[in-house]
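Q: here is a sequence with its predicted model. Questions after.
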Protein chains: 4
Amino acid sequence: MKVAFIGLGNMGAPMALNLRKAGHEVTGHDVSESARTRTEADGLVVSASLEGAVANAQIVMSMLPASEHVESLYLSESGAGLLANLSPGTLVIDSSTIAAASARKVAEAALRARIPFLDAPVSGGVRGAQAGTLTFMVGGERSTFERAEPLLGLMGKNIFHAGAAGAGQATKICNNMLLGILMIGTAEALSLGVANGLDPKVLSQIMSRSSGGNWALDKYNPMPGAMDDVPSSRGYTGGFGTDLMLKDLGLAIESAVATRSATPLGSLARSLFAAHSLAGNGTLDFSSVIQLIRPPGLT
Amino acid sequence: MKVAFIGLGNMGAPMALNLRKAGHEVTGHDVSESARTRTEADGLVVSASLEGAVANAQIVMSMLPASEHVESLYLSESGAGLLANLSPGTLVIDSSTIAAASARKVAEAALRARIPFLDAPVSGGVRGAQAGTLTFMVGGERSTFERAEPLLGLMGKNIFHAGAAGAGQATKICNNMLLGILMIGTAEALSLGVANGLDPKVLSQIMSRSSGGNWALDKYNPMPGAMDDVPSSRGYTGGFGTDLMLKDLGLAIESAVATRSATPLGSLARSLFAAHSLAGNGTLDFSSVIQLIRPPGLT
Amino acid sequence: MKVAFIGLGNMGAPMALNLRKAGHEVTGHDVSESARTRTEADGLVVSASLEGAVANAQIVMSMLPASEHVESLYLSESGAGLLANLSPGTLVIDSSTIAAASARKVAEAALRARIPFLDAPVSGGVRGAQAGTLTFMVGGERSTFERAEPLLGLMGKNIFHAGAAGAGQATKICNNMLLGILMIGTAEALSLGVANGLDPKVLSQIMSRSSGGNWALDKYNPMPGAMDDVPSSRGYTGGFGTDLMLKDLGLAIESAVATRSATPLGSLARSLFAAHSLAGNGTLDFSSVIQLIRPPGLT
Amino acid sequence: MKVAFIGLGNMGAPMALNLRKAGHEVTGHDVSESARTRTEADGLVVSASLEGAVANAQIVMSMLPASEHVESLYLSESGAGLLANLSPGTLVIDSSTIAAASARKVAEAALRARIPFLDAPVSGGVRGAQAGTLTFMVGGERSTFERAEPLLGLMGKNIFHAGAAGAGQATKICNNMLLGILMIGTAEALSLGVANGLDPKVLSQIMSRSSGGNWALDKYNPMPGAMDDVPSSRGYTGGFGTDLMLKDLGLAIESAVATRSATPLGSLARSLFAAHSLAGNGTLDFSSVIQLIRPPGLT
């Protein structure tokens, strides 16, 4: 298949390369020349122009930083938006993490242009993108989802259909808001345990097998020394950055405001990650938020 | 073995009966006559006096409501405390959920009296007590733990050694504080999803298999209709009461104050369960706290 | 002076009438016919069309529900926006409470059209609008502010210049976020006092004269019976509705997300007002939020 | 009058000296020799023994660090407690800040010993103690309060009768919990304003005269440069230390747990001050908590 891949950053580039490895004819594009050069060196065909990339594409994928980039790419008031310039029937999949409201706006325009469109944000980070083990949370028509599933399966191992247009984005912000809560809650429980003289490793093992069990504790323990091969055991490098979590929590809280929902723990989690970022820790892995509550003896 | 079991409430009675079923010679005692009568009718030998229950006991177990009852039973200023009246070497196991500081105080007195003592609070609720599937979190000497393990195994299926004296209680409050956070966080994520038009069942399935996975979501979904055979599917009856969670969070926060720990989410969770209880929901299962954030469409 | 007043709701109508009483030649307009009819009956000249209202106006004031209405009135993509159709030099004052970002967007368009523009949201509620005792928080050029000050003084008694374009809106959301915190904090302190057996009236008097003194406690006590002639003494009717506070807190939190600010108490206050509104109390005065934490004995 | 003053720390010593300056015959005592030596050098008669200090005293005042010291001084299980050794009718006033439950316990013992007793904690800090401008919040019988009022008036300028035994302590924790909330809320509002480009001084002035007005903003502005002669304008030195606020919030939250009260903002404030203290800022003035939310440009 002929695939145009727009957005060749830390996530987009390895995703595009995985499609190419699987035999698809992929042409990449990025507004940044350095991103294009780097990805070309890695073996991808790139085009300096958007038009060049999408010419004759049967599938367009995008992986961009934020809502405004996605709206600008696809919609554009001046009529130059991509949706207005693709052949009807071209499958469009946006894997950026953006506001659900933005995704729905693009989806509505796509519907009018008779372009099948999916919002398909991912989790799993740069490592997951490289290894092809991402999780995709996908919103859109079921038939469109089924058409896209084999392609997404080349980049990820869990491909979920979350519901109608925007449901992929909505699911991702719900999940990541919950993850932010799990991480701080786990950090608090471990810190309180250490303050009571408990061994964090033993406490982690017991809670993991009890009703305190959760992904942050079981797979991503924030307490240095409690688990091998996670960011907390290597100075909070690698992993999922504090500022990325802060962005996702911002999207979740904006959605809570828009829907007049009450999210007491989620909102507090956002403010705590904001405080942690403002203190200069934005590029550290998000599990470093445990430093904000400094358990005694934590170095 | 000759076992005295003090405290024959909803938890203590089935635990004592499980010991008896396994062949131990158990004598129960409770200050409440109706508790004694009921448990006797269920087949346990009971004694109207504490002295009668502990006479010649090789093992004393207790399951009482709160710190003051445990301190009063074992310590008692007037010299009538149980520790002063047991033969050295009698194994004493307290399974009440109390303050870690109280547990350590009793443990120190026990050490002076040469009585091997364990704090061994449980989780798993009345059903777990009846089915013999409780989780025990145990603090005390390892050798004492090993001596008690076979006995505890008759009442529970996970028997954890958490550390030195008080570590059982400390582990339980850390775990249950985390559980309180998981429950409210899960309720928020599901409510935000519903407000965005998502199907809570689909959202739950996706988050369970993603980084939002946690015990409250996976085993005890608070959203009516999202999971069968949990309290949310039967009007929040059965299960673990809001007031019991409130008590455990109170112990956790008292410990946070005493150790000058920061527990932002845990403290907030306590206040939210308190508000839920004050609104008249103290006897409903704790997952009913989702009602406090009323997702649209939740009946 | 010839003034056009756009938006004749609960706030706008009495404001317009106060300008008229002071001798200005005011023509009102509202998209709602019933609002026009009601205000006409109160003695204001109204125009069924926007064009009719603004014809020859030297000053245009607006008082609308939300950002989208203000942007739609003044900007409008199709070129029909009011800014494009006023004579350069016409003074435009928007008193709606909207996002600071929206206010800045309108201000920039006004600058391009050489229209002096002020964002001038108010506090003081319907009573303040009727009595002409509103507080105006004004953003824009100082010279424009000084030109508008006498006019604003006919509707309010405190007219503050907060800074450049958008500063009026930014100041209002900061103030109202703080007010939301003051109200819940005061409710908590009074409730904790009552739970400790204190007389809320005595406690209020002492705290007002101590370091707990604040506007919510001193002027707007939320505890029934503690103060006369405030909403809490008349079933939480009148005053500033819960849903209006929720709207303002939403604007504040959206601004916090946009500026990556940490607002732990402000965010929590928003979620608590959201929960209170979702429980069916959106139209009660915002001081009724004390019911969420139900002090013992509060009826 | 012959007054014994127990506890000659930073607060107690200047309070005792103010009594002496007013003509009372004061004998001080402290368990610390250096405190005794220092206060003696300042002109107070001190006694190395407690017995010596209280001999023939008509009034006993105490100013001690925490509940355990007060209970130990007055109660003492061994029978050596002060209440058992004073002549009936001796007026006893404890100005320590302790748990309301502790104060009530001492008050009950005093009643049995026919000793008129008041709990009379203060606010106003070391400067207030030196200047004789403290605020006293007093619990106990009205007649006892009236007997004590002239004496307290020598050390403070606001002397409030808060209610029955323990009411002084309960009032103080309610007030200080509210103060902790006011301070963080004010810090958030100012920080959000600065992030929106506002001048914190102008914003402070407007909010002070609007519904955001509160003691922390009006008298104790936490933003450097916004107000002269407050801790924020001198590197957060002097004033009321973070750890003292943390202690008072701890007492408030313990009381909330004991009375099953919901204190969402108060609990969160405690955790934020705990985090600020754990980061090494315990001895800075409590208004330095604004650093935790780091407004852009704050140095």
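A: Structure's in. What do you need?
Q: when you work out contacts or count neighbours from here on, use the C-alpha atoms and nothing else.
A: Will do.
Q: specify the beta-bridge partners of the residue nearest to A:Ser49 when sequence neighbours are not counted.
A: Counting by C-alpha to C-alpha, 6 or more residues apart in numbering or on different chains, A:Ser49 lies nearest to A:His29, which is 6.8 Å off, once chain neighbours are set aside. On the basis of DSSP bridges, A:His29 is bridged to A:Ile6.
Q: okay, now A:His29: neighbour count?
A: Using other C-alpha atoms under 10 Å in any protein chain shown, A:His29 has 27 other residues around it.
Q: that one against A:Leu44, yeah?
A: No: A:His29 lies out of contact with A:Leu44 (C-alpha atoms under 8 Å); the separation is 10.0 Å.
Q: what segments of the stretch 151-299 of chain A are strands?
A: For the stretch 151-299 of chain A, the strands defined by DSSP state E, counting those that start in this stretch cover A:156-163.
Q: re the thing from before, what does the pLDDT read for the residue nearest to A:Ser49?
A: A:His29 carries a pLDDT score of 97 in this model.
Q: what about it, distance to A:Ala55?
A: Using C-alpha to C-alpha, to the nearest Å, one gets 12 Å for the distance from A:His29 to A:Ala55.
Q: just A:Met207 next, same as before
A: 54 Å.
Q: higher neighbour count, those two?
A: Between A:Met207 and A:Ala55, A:Met207 has the larger neighbour count (other C-alpha under 10 Å), namely 25 against 15.
Q: quick one: low-confidence parts of the stretch 1-150 of chain A?
A: A:77-80 (pLDDT under 70).
Q: please repeat the previous calculation with a cut-off of 90.
A: A:76-81, A:84-85, A:124-127 (pLDDT under 90).
Q: which stretches of it form helices?
A: A:12-21, A:33-41, A:50-54, A:67-74, A:100-112, A:125-131, A:142-152 (DSSP state H, counting those that start in this stretch).
Q: where does the nearest residue to A:Thr242 once chain neighbours are set aside land on pLDDT?
A: Spatial nearest neighbour of A:Thr242, excluding adjacent residues (C-alpha to C-alpha, 6+ apart): A:Phe286 at 4.1 Å. As predicted, A:Phe286 sits at a pLDDT of 97.
Q: buried sites along stretch A:30-46?
A: Across stretch A:30-46, burial judged by 16 or more other C-alpha atoms under 10 Å in any protein chain shown covers A:Asp30, A:Ala35, A:Arg36, A:Thr39, A:Glu40, A:Leu44, A:Val45, A:Val46.
Q: could those residues go into a markdown table alongside distance to B:Ile98?
A: Below are the buried residues of stretch A:30-46 laid out as a markdown table (distance: C-alpha to C-alpha, whole Å):
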| residue | distance to B:Ile98 |
| --- | --- |
| A:Asp30 | 60 |
| A:Ala35 | 59 |
| A:Arg36 | 62 |
| A:Thr39 | 60 |
| A:Glu40 | 64 |
| A:Leu44 | 63 |
| A:Val45 | 66 |
| A:Val46 | 65 |
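Q: those residues into JSON lines, with extra columns for distance to chain B?
A: Below are the buried residues of stretch A:30-46 laid out as JSON lines (distance: C-alpha to the nearest C-alpha, whole Å):
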{"residue": "A:Asp30", "distance to chain B": "29"}
{"residue": "A:Ala35", "distance to chain B": "29"}
{"residue": "A:Arg36", "distance to chain B": "32"}
{"residue": "A:Thr39", "distance to chain B": "29"}
{"residue": "A:Glu40", "distance to chain B": "32"}
{"residue": "A:Leu44", "distance to chain B": "30"}
{"residue": "A:Val45", "distance to chain B": "33"}
{"residue": "A:Val46", "distance to chain B": "33"}
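Q: mind telling me which residue of chain A is nearest chain B?
A: A:Asn214 (3.9 Å; C-alpha to the nearest C-alpha).
Q: got the residues of chain A near chain D?
A: A:Ala274, A:Ala275, A:Leu278, A:Ala279, A:Leu292, A:Ile293, A:Arg294 (C-alpha under 8 Å from any C-alpha of the partner chain).
Q: separation between the residue nearest to A:Ser49 and chain D?
A: Per C-alpha to the nearest C-alpha, to the nearest Å, A:His29 is found 35 Å from chain D.
Q: swap in A:Ala113?
A: Distance from A:Ala113 to chain D, counting by C-alpha to the nearest C-alpha: 39 Å.
Q: A:Ala226 too?
A: 21 Å.
Q: report how many residues lie close to that residue.
A: 20.
Q: ok, A:Gly238 next?
A: Per other C-alpha under 10 Å, the neighbour tally for A:Gly238 reads 17.
Q: pLDDT score assigned to it?
A: Taking A:Gly238 on its own, its pLDDT is 86.
Q: check contacts around it.
A: By C-alpha atoms under 8 Å, 6 or more residues apart in numbering or on different chains, the contact set of A:Gly238 is A:Pro231, A:Leu284, A:Asp285.
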